[in-house]
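Here's a sequence, model it:
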Amino acid sequence: MIEMVISDVTLKYLCQKYRHDIGMGTNKFLPGMKVRYVAANKKFGYAYFGDFFFFGDDFYVWEQDDKYAEDHNQDVVEAVFGDKCEGRGHARRVLFAGVMTPFKDCNGENIYTGDVIQIEKENEMTKSLAIGAWSLEDGKGEYCFILDNHNWELESCIRQHYQLTRVGTVFFQLDASDYIGVNQRVMEFNGWRDTEEERQEKVLMAKYTPNFDQEFWKYRGLEIMGVEYDWR
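Model (predicted):
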């Protein structure tokens, strides 16, 4: 429906704006967007607008499966929606992990904020950077690689015929109790002070996401064993 750039700030604003519709389960006039979240270790989940909400910085999805009944937080539901929220299922706290952008990589895969993109062009050094979103509450902004003192627009990169390949995400070394926004993770991944060794370590960890392991050697071990994560 609405063409806008969706950052964490924009998404929180929209969830508040459409709070009544989300609580009632009506989605006829809701903005059309798809988000990603950490469903479990080694597994992402996906949801459309109307099937999730924020409580402060905490991100919740509605689950219909009764196996999530123990995860339901009724106090949060009442704090956000009052007593006008029935039949939505179980409100389960998960980690927000990006929103789908209008862009695709060279393999036709949808690019999400928080993705690590391998960028290639003839006669230029291959690099891997993470994609974020700068936008205001009204959605005006840009999807971009957030760098040290400027942003490299994704749309500009595509116009210049760079080859873009999704190789992982920034959702490694996670802590379920510690909120870190997508853009902050992106900026940390794109750290301009990193050595070449540090950059390569980050790219390796990005391939094994989502992941809560804190020690780098565990990611290296996964690579040595030939383990493959279906992070897509």
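
mind giving me the domain ranges of this structure?
Following automatic domain parsing, one gets these domains for the chain: 8-96, 102-225.

Check this protein and tell me which residue is nearest its centre.
In the chain, the centroid-proximal residue (Cα atoms, centre = their mean) is G98; its distance is 1.7 Å.

tell me the pLDDT at that one?
G98 carries a pLDDT score of 96 in this model.

next structured bit after the worst-scoring helix or strand of the chain on mean pLDDT?
Taking mean pLDDT, DSSP states H and E as the measure, the chain has helix 19-24 as its least confident helix or strand, at a mean of 86. The helix or strand immediately downstream of helix 19-24 is strand 34-40, counting by DSSP states H and E.

For stretch 167-186, which residues meet the burial criterion?
Within stretch 167-186, the residues that qualify as buried are 167-174, 180, 182-183, 185-186, counting by 16 or more other Cβ atoms under 10 Å. C-beta coordinates here come from the backbone N, C-alpha and C atoms, glycine included.

cool, stretch 189-200 as well?
By neighbour count on 16+ other Cβ under 10 Å, the buried set for stretch 189-200 is 189-190, 199.

For those, give me a markdown table that also has distance to E86, secondary structure and pLDDT.
Formatted as a markdown table, the buried residues of stretch 189-200 follow (distance: Cβ to Cβ, whole Å; DSSP: H, G, I helix; E, B strand; the rest coil; pLDDT from 0 to 100):
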| residue | distance to E86 | secondary structure | pLDDT |
| --- | --- | --- | --- |
| F189 | 41 | helix | 96 |
| N190 | 44 | coil | 95 |
| R199 | 50 | helix | 94 |
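
related to what we said a few turns ago, tell me the gap between the least confident helix or strand of the chain and the middle of its chain.
The chain centre lies 23 Å from the centre of helix 19-24; the measure is Cα atoms, centre = their mean, to the nearest Å.

Low-confidence ranges, this structure, go.
Applying pLDDT under 70 to the chain picks out residues 1-2, 84.

neighbours of Q163, just the number please.
Number of residues near Q163 (other Cβ atoms under 10 Å) recorded here: 15.

which ones are touching the closest residue to it other than its chain neighbours?
Once flanking residues are discounted, Q163 sits nearest to E120: 4.4 Å by Cβ to Cβ, 6 or more residues apart in numbering. Applying Cβ atoms under 8 Å, 6 or more residues apart in numbering to E120 gives the contacts 126, 162-163, 165.

give me the number of residues near the residue lying closest to T169 once chain neighbours are set aside?
Leaving aside its chain neighbours, T169 sits nearest to T209 (4.5 Å; criterion: Cβ to Cβ, 6+ apart). Neighbour count for T209, taken as other Cβ under 10 Å: 24.

Might one say that I131 is in contact with I119?
No - I131 is beyond contact range of I119, at 10.3 Å (criterion: Cβ atoms under 8 Å).

Looking at those two, which is more packed in?
Neighbours per residue, other Cβ under 10 Å: of I131 and I119, the larger number sits with I131, 29 against 17.

can you give me the helices in the chain?
8-17, 19-24, 74-81, 154-159, 182-189, 196-206, 216-225 (DSSP state H).

And those: which comes nearest N107?
N107 sits nearest to helix 154-159 of all these, at 13.9 Å, using Cβ to Cβ.

what residues does that closest one touch?
101, 103, 111, 119, 131, 142-145, 164.

switch to 7 Å and redo it
103, 119, 131, 143-144, 164 (Cβ atoms under 7 Å, 6 or more residues apart in numbering).

One more: stretch 140-149?
5, 7, 101, 103, 113, 129, 131-135, 151-154, 183, 186-187, 190, 192.
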